[in-house]
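Undergrad: Make a model of this:
(3 chains)
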Amino acid sequence: MSIYDTLNKEQKAAVLQTEGPVLLLAGAGSGKTRVLTHRIAYLIDEMGVNPWNILAITFTNKAAGEMRERVDKLVSFGAGQVWVSTFHSACLRILRQHIDRLGYGNSFTIYDTDDQKTVMKNVAKRLNLDPKMYRERALLSEISSAKNELISVSEYEKEAAVDFGKSVYAKVYREYQETLQANNALDFDDIICKTVELFRQCPDVLDSYQERFQYIMVDEYQDTNTAQFELVRRLADKYRNLCVVGDDDQSIYKFRGANIRNILDFEKYFPEAVAIKLEQNYRSTQFILNAANAVIHNNEGRKEKALWTNRTGGHKVLFRQFDSAYEEAEYIAADILHRTQKEGSAYKDYAVLFRTNAQARLLEERMIMEGIPYNVVGGTNFYSRMEIKDILAYLKTIDSGRDDVAVRRIVNVPKRGIGNATLEKLEDYAQLRGIGLYEAMEHEDEIMGLGKTAAKIVPFVRLIQGFRRECPQLEFPELIRRIVELTGYGEYLQDYDEESAEDRMANVDELVTKAAGYAQEHPEASLTDFLSEVALVADIDKVDGDDDRVLLMTLHSAKGLEFPAVYLAGMEEGLFPSYMSANSADISDLEEERRLAYVGITRAMDDLILTCARTRMIRGETQYNAVSRFVQEIPEEILEGGTSRRRKVQSPPAGDGAFRKHPESEVPMDKGAGAGGGGTPPFGRPKAIVRPTATAKADKPFIAKGIGSLNRLAGISKGGAYQAPQELSYAVGDRVFHVKYGDGNVVSIEKEPRDYKVTVSFDKAGQKIMYASFAKLKRL
DNA sequence: TTTTACTTCGTTTTT
DNA sequence: CGAAGTAAAA
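TA: Below you'll find the model as predicted:
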């Protein structure tokens, strides 16, 4: 019996259809990842395809990692040669090789949303735009959609000549793009569309990749945008072995430019395509599946699918409404605790999903109070924290110095007395000479009118020059520590905000740890490589499946995951569906929201619990919300539970508690009740519901700010977290071994507050300075 | 030039 | 409620 016999008929067909275009319509939980991995295995083991010639594109790095792992297990040999990556990292790899053909430097930097805003702010200022009329957000989103549609600056200008409303945007687009190029930077959208541009302009480059990737697979195809489609289409144009997998019902990234027509029209672009539907669901119970089907059925213009399962039994979908969001959170935490104790299930069997990141906080507080180990996925990305961005800006400046945004960020951090006035003079000079900000600072003596501030610039330039000199000798973690040390960044954090300083410093330490891990895994990597790796990590990527923790995340982050028990919190009109989409003139906005509900429901394997609150604080205002229409769309016969008017849920009722015995004795839902579906708040609202201040104050210090600090709270250190060694097993003069550099002699050892600084003269690699906790030197 | 006190305004969602 | 931006003070 072969591994392929475990597949059902359709899955098997999809695996065996290796040649030509394939459209795989895979419903939620229908085992599409299994199909993809088996297909890769089949290509290699049975069809004799060189693993080198296979490209698999996933949505997140985490998904890529999982797929790689599974392929490794399945394939007898050579799985490591398969390219499994996201669109962004695949394109980044390609661009690092060839972007010089488009007039950029190959060590370009990547701008995140924050950096984009900074650039846009400057652009708007330069063009004298009224910030009230033209918001950065709006400008950026217009440019982003243009890029996602592969509309270049000059094409946009042509459109603007006809459409007067676009003329301002056209100017902004040009200015923005020129600024990026001057800084040798790409934004997220550029990573994709510059690759397409590369393929368009350099047929030889395209050809080499077409030869390389003879078999291409794309996961989550419903979330690709036009640029990504074009990219894939060109790559696959020669051999036409393109297999896309997706589910139009799970398309939830329209706001990011995802074009649902990519999947709906696939057969138009590839008329010879074979379409296969996967409709058997292996994940959820019949109840959960029915609920999902009932909800999604309200959408129009979708490819009809009939998801079915042979899983019988299970529990009905549970619905509970609470007076306040606090009670909702209390219930969820208490219920999880109760279930884990009753059923002996693990914490990682539970996920709490919600529409907006802001909802995480209340839930988080409650988890802490109940002592439940948890992780919040998303929110502020680790790499977008102030302190991390500061350090990264130093690294970027050391690495290239062409990135004005980075230079500007750190030039006065910590305070060096270089303020706006000075910077403006520097920028004028830089503009005049056509050089970067940092370069201008190197010529500080040539600039008129700087006066005595010129003297403040010199030490900064010296500092950067010093780092650059040391850089070749230092590993990334040591370099980061050196930055912290020489700039006095620790003291700066203290100065900045005493309360958060410790947490922030811990984040910096975590960055050091990450840098060490990266350096170890990629011994040949340059600073540029490290910086670009860091730019593309999503929050979900860092979730460790082995951690026994409840996961708290948005519905968007939950895509592609599954859990035995899922809580969907905040099922309220105005929140989910959001106020924006519910009131939108465009029905498709609401439909996307409904697909999101569908994604949420289908994450659950055995138990699905929907909760909502009558009142909720949003932006400092108490809002009164009706039950979400998505709850109403679930047939009553598969829904259980109702409203709870009790003020406090001490502990959930054991077994089939009171509220479950008599669901009919309580109002099951607010169907038709209250002020109507629009969620109009009643007049004469009471004062905001306030919890006892004692509690509120008591748990405040415990609100952890991220995964890193949570681990510290729980006293857990993740693998690789550094531990300053008490004593070293080697001394000056000893022969030691290092994983990367080989053998060498210890030249000197310096004790520092947190660690030992060891200088080793390696036989082959020369002299290096490293920290003992990372170097893991072994005495010979 | 930097710090501070005050006003304004808004987020769905993220690679 | 907060972040972020603005005006005024130090």
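
Undergrad: what's the spacing between stretch A:278-286 and its chain's center?
TA: Centroid displacement of stretch A:278-286 relative to its chain, using Cα atoms, centre = their mean, to the nearest Å, is 28 Å.

Undergrad: Residues touching it, excluding its own?
TA: For stretch A:278-286, the surrounding residues in contact (Cβ atoms under 8 Å, 6 or more residues apart in numbering) are A:8, A:10-11, A:14, A:24-32, A:35, A:289, A:292, A:305-315, A:562, A:602, A:604-606. Every residue, glycine included, has its C-beta placed from N, CA and C.

Undergrad: Name only those of those residues that count as buried.
TA: For these, a neighbour count by 16 or more other Cβ atoms under 10 Å gives the buried set as A:8, A:10-11, A:14, A:24-32, A:35, A:289, A:292, A:305, A:307, A:309, A:311, A:314, A:562, A:602, A:604-606.

Undergrad: ok and the residue in the stretch 101-250 of chain A nearest DNA strand C?
TA: residue A:131 (5.8 Å; Cβ to the nearest atom of the strand).

Undergrad: The nearest residue to that residue once chain neighbours are set aside and DNA strand B, how far apart?
TA: Nearest non-adjacent residue to residue A:131, counting by Cβ to Cβ, 6 or more residues apart in numbering: residue A:124, 6.4 Å away. When distance is defined by Cβ to the nearest atom of the strand, to the nearest Å, residue A:124 is 15 Å away from DNA strand B.

Undergrad: how near is residue A:124 to residue A:165?
TA: Using Cβ to Cβ, to the nearest Å, residue A:124 is found at 17 Å from residue A:165.

Undergrad: Compare the two (neighbour count), which wins?
TA: Between residue A:124 and residue A:165, counted using other Cβ atoms under 10 Å, residue A:124 has the larger neighbour count: 20 against 7.

Undergrad: Can you classify that one as helix, strand or coil?
TA: When classified by DSSP: H, G, I helix; E, B strand; the rest coil, residue A:124 comes out as helix.

Undergrad: In this structure it contacts residue A:139, no?
TA: Yes - if you go by Cβ atoms under 8 Å, residue A:124 and residue A:139 touch, sitting 6.9 Å apart.

Undergrad: what touches both of those two?
TA: Counting by Cβ under 8 Å, 6+ apart, the common neighbours of residue A:124 and residue A:139 are residue A:172.

Undergrad: Is there proximity between stretch A:181-189 and DNA strand B?
TA: Yes - when contact is scored as Cβ under 7 Å from any atom of the strand, part of stretch A:181-189 falls within range of DNA strand B: residue A:188.

Undergrad: Secondary structure of residue A:761: a helix, I assume?
TA: No - assigned with three-state DSSP, residue A:761 falls outside any helix and is strand.

Undergrad: you'd agree it is up against residue A:742?
TA: No - the pair residue A:761 and residue A:742 fails to qualify as a contact (Cβ under 8 Å) at a distance of 11.7 Å.

Undergrad: residue ranges for the strands of the stretch 451-600 of chain A, please.
TA: With strands called from DSSP state E, counting those that start in this stretch, the stretch 451-600 of chain A shows them at A:550-554, A:563-568.

Undergrad: Save these as a markdown table, and put in distance to DNA strand C too.
TA: Converted to a markdown table, those look like this (distance: least, Cβ to the nearest atom of the strand, whole Å):
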| stretch | distance to DNA strand C |
| --- | --- |
| strand A:550-554 | 18 |
| strand A:563-568 | 24 |
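
Undergrad: Pick out the shakiest of the ones you listed, pLDDT-wise.
TA: For those, the weakest mean pLDDT is recorded on strand A:550-554, namely a mean of 92.

Undergrad: how close does the nearest residue in space to residue A:136 that is not next to it in sequence sit to residue A:351?
TA: Nearest non-adjacent residue to residue A:136, counting by Cβ to Cβ, 6+ apart: residue A:120, 4.5 Å away. According to Cβ to Cβ, residue A:120 stands 36 Å off from residue A:351.

Undergrad: what do you get for residue A:225?
TA: Using Cβ to Cβ, residue A:225 is found at 27 Å from residue A:351.

Undergrad: Enumerate every residue touching the nearest residue to residue A:410 once chain neighbours are set aside.
TA: Take residue A:410 and drop its neighbours on the chain: the residue closest to it by Cβ to Cβ, 6+ apart is residue A:393, 4.6 Å away. By Cβ under 8 Å, 6+ apart, the residues touching residue A:393 are A:403, A:405, A:406, A:407, A:409, A:410.

Undergrad: cool, and residue A:247?
TA: Contacts of residue A:247 (Cβ under 8 Å, 6+ apart): A:25, A:26, A:27, A:28, A:222, A:305.

Undergrad: Quick one: residues contacting the closest residue to the second one other than its chain neighbours.
TA: Pointing back at residue A:26 there. Spatial nearest neighbour of residue A:26, excluding adjacent residues (Cβ to Cβ, 6+ apart): residue A:32 at 3.7 Å. Contacts for residue A:32 (Cβ under 8 Å, 6+ apart) come out as A:24, A:26, A:219, A:245, A:278.

Undergrad: again with residue A:494
TA: Residue A:494 neighbours (Cβ under 8 Å, 6+ apart): residue A:501.

Undergrad: how about the top strand by length along chain A as CSV, C-alpha atoms only?
TA: Secondary structure of chain A read by DSSP state E shows that its longest strand is strand A:604-618. Presented in CSV, the C-alpha positions along strand A:604-618 are these (Å, rounded to 0.1, in the frame of the first residue of the first chain):
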residue,chain,number,x,y,z
ALA,A,604,-13.4,24.5,14.9
MET,A,605,-13.1,20.8,14.9
ASP,A,606,-15.4,19.7,17.8
ASP,A,607,-16.7,22.7,19.7
LEU,A,608,-17.7,26.1,18.6
ILE,A,609,-18.8,28.8,21.1
LEU,A,610,-20.1,32.1,19.9
THR,A,611,-20.2,35.0,22.4
CYS,A,612,-21.2,38.6,22.4
ALA,A,613,-21.8,41.5,24.8
ARG,A,614,-24.6,44.0,25.0
THR,A,615,-22.3,46.8,26.0
ARG,A,616,-18.8,47.4,25.0
MET,A,617,-16.3,50.2,25.4
ILE,A,618,-15.0,51.3,22.1
